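Asks: quick one, what's the 3D model for this:
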Amino acid sequence: MARIISIDTLRDERRKQNVEVDVPFVAPGGKPGSVTKRLINGEMETYELTRPIGEMLTTPAGLYELVQKSVIDLELGREQVPLLYSPIYRRIEDANFTEHVDIKPFLNAQVVFLEHMELEEIKLGARKIGEKDTVPIVTWASGFQITEDMRVYDKTWEVAQYNRALGEAYNSLLNHIHLYPIISYNYPRKNQTSANTTETTYREKLRATLKAALAHASQDRNTDTRAPRRPNILLASSAKRWDIEEVLQRMVIGGTEYPAISGIDTMIFYDGWTVTVGEKTYEYPGVDPNKAYLIEGRKFFVELVKHDLLVDAGNADLSRLVEELVVARARRGVVASPVNAVEEITLPN
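Replies: Below you'll find the model as predicted:
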């Protein structure tokens, strides 16, 4: 049975886990700090301030504690929007990444093991050199203001809500920047499978369409390596979850028994995300319910992380009665080659 990955299933998995991890942040004065995040049976320990927020802003120790709370509250928000793309992407984290990274080492490294004869030179790994291509490391940032009113009226709860919203927004962004390259790509004919129209029932058409997509993908060979595509991940809308799960299993239709369809070990269901900030609405589109994507994971998809989310506080602005700014930012890039790894499927009605 394929593993099902969606916001709901990952939350359910998380409820069975015990986790303890140190989360880094930038302490007041620019020094690195960290706070321990703990989950007990999926329930996350909260961080309670020992004094009113107004008092916390008056001393370095209080401000340090306030940033710790911001980090834990932000992590609580991240827990509400689990990351869906992990089976598709390899993760490479390197603080030395430049602003633009040459992607050739990630996609075109070529190595072969050969029998070694005495005194014979070993065949070393190489890279296929072609047109130079780079991917930018992008700075992603957000934050909020701790105002004088928040201090005077001790609106600690309001600060906590902002922190959690930051966490939800960050994980939603990560899902978007890693999955949107797949669902937005303009696929050539060699990467497309049309909906089956010859079978009688909807279930038969859906089953035949998915089988045809697996077969069609295996016939496409990479222009550099000559290796066929071997998709193992299916990305679709949650609106189609139950239909897809059903037709991949062994089933009987009209007295005919059909065996289970093999080859797909992971199914990801992604519906996007929407938020309104002020008067503007931001929307990350999900998978079209009429489409699905068969993906060969890891090989042609890499997430490049110069540094993950960092949080700090500072830069008061008395002219606007802003006591502190809480700022979160990360520097990341995405390497994606859908044409080498994805089959776009049009699903039957």
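Asks: every contact and neighbour count from this point should use C-alpha atoms.
Replies: Will do.
Asks: pretty sure Trp273 is in a strand, no?
Replies: Yes: checked against DSSP: H, G, I helix; E, B strand; the rest coil, Trp273 lies within a strand.
Asks: pLDDT value on it, please?
Replies: pLDDT for Trp273: 92.
Asks: just checking, it touches Tyr180?
Replies: No: at 11.7 Å, Trp273 does not count as touching Tyr180 under the criterion of CA atoms under 8 Å.
Asks: give me the common contacts of the two.
Replies: By the contact definition CA atoms under 8 Å, 6 or more residues apart in numbering, Trp273 and Tyr180 are jointly contacted by Pro285, Gly286.
Asks: low-confidence ranges, the stretch 101-250 of the chain, go.
Replies: Within the stretch 101-250 of the chain, the stretches with pLDDT under 70 are 104-132, 145-157, 224.
Asks: can you give me the strands for it?
Replies: 109-110, 126-127, 134-136, 138-147, 192-193, 233-236 (DSSP state E, counting those that start in this stretch).
Asks: distance of Ala227 relative to Lys299?
Replies: Distance from Ala227 to Lys299, counting by CA to CA, to the nearest Å: 12 Å.
Asks: tell me which of the two has more neighbours.
Replies: Lys299 (16 against 13; other CA atoms under 10 Å).
Asks: surely Arg229 meets Val339?
Replies: No: at 10.2 Å, Arg229 does not count as touching Val339 under the criterion of CA under 8 Å.
Asks: and those two? Which one has more around it.
Replies: Arg229 (22 against 17).
Asks: next up, the contacts around the closest residue to that one other than its chain neighbours.
Replies: Leaving aside its sequence neighbours, Arg229 sits nearest to Ser218 (CA to CA, 6 or more residues apart in numbering; 5.0 Å). Ser218 makes contact with Pro228, Arg229, Arg230 under the criterion CA under 8 Å, 6+ apart.
Asks: from those, pick the one nearest Thr193.
Replies: Nearest to Thr193, judged by CA to CA, of the contacts of Ser218 is Arg229 at 14.0 Å.
Asks: give me phi/psi at that closest one?
Replies: Reported as degrees, to the nearest 10, the phi and psi values for Arg229 are phi -70, psi 140.
Asks: for the residue nearest to Val19 when sequence neighbours are not counted, helix, strand, or coil?
Replies: Once flanking residues are discounted, Val19 sits nearest to Leu39: 4.9 Å by CA to CA, 6+ apart. Judged by three-state DSSP, the three-state class of Leu39 is strand.
Asks: and Leu39, what pLDDT?
Replies: If you check Leu39, the pLDDT there is 86.
Asks: repeat for Arg298
Replies: The model's pLDDT for Arg298 equals 89.
Asks: ok, it touching Arg230?
Replies: No: counting by CA under 8 Å, Arg298 does not reach Arg230; the two are 11.4 Å apart.
Asks: hey, what's in contact with both of these two?
Replies: Common contact partners of Arg298 and Arg230 (CA under 8 Å, 6+ apart): none.
Asks: quick check: Gly167 touching Ser70?
Replies: No: contact criterion CA under 8 Å: Gly167 and Ser70 do not qualify, at 9.9 Å.
Asks: who's more crowded, these two?
Replies: Each of Gly167 and Ser70 has its neighbours counted (other CA under 10 Å); Ser70 has more, 28 against 25.
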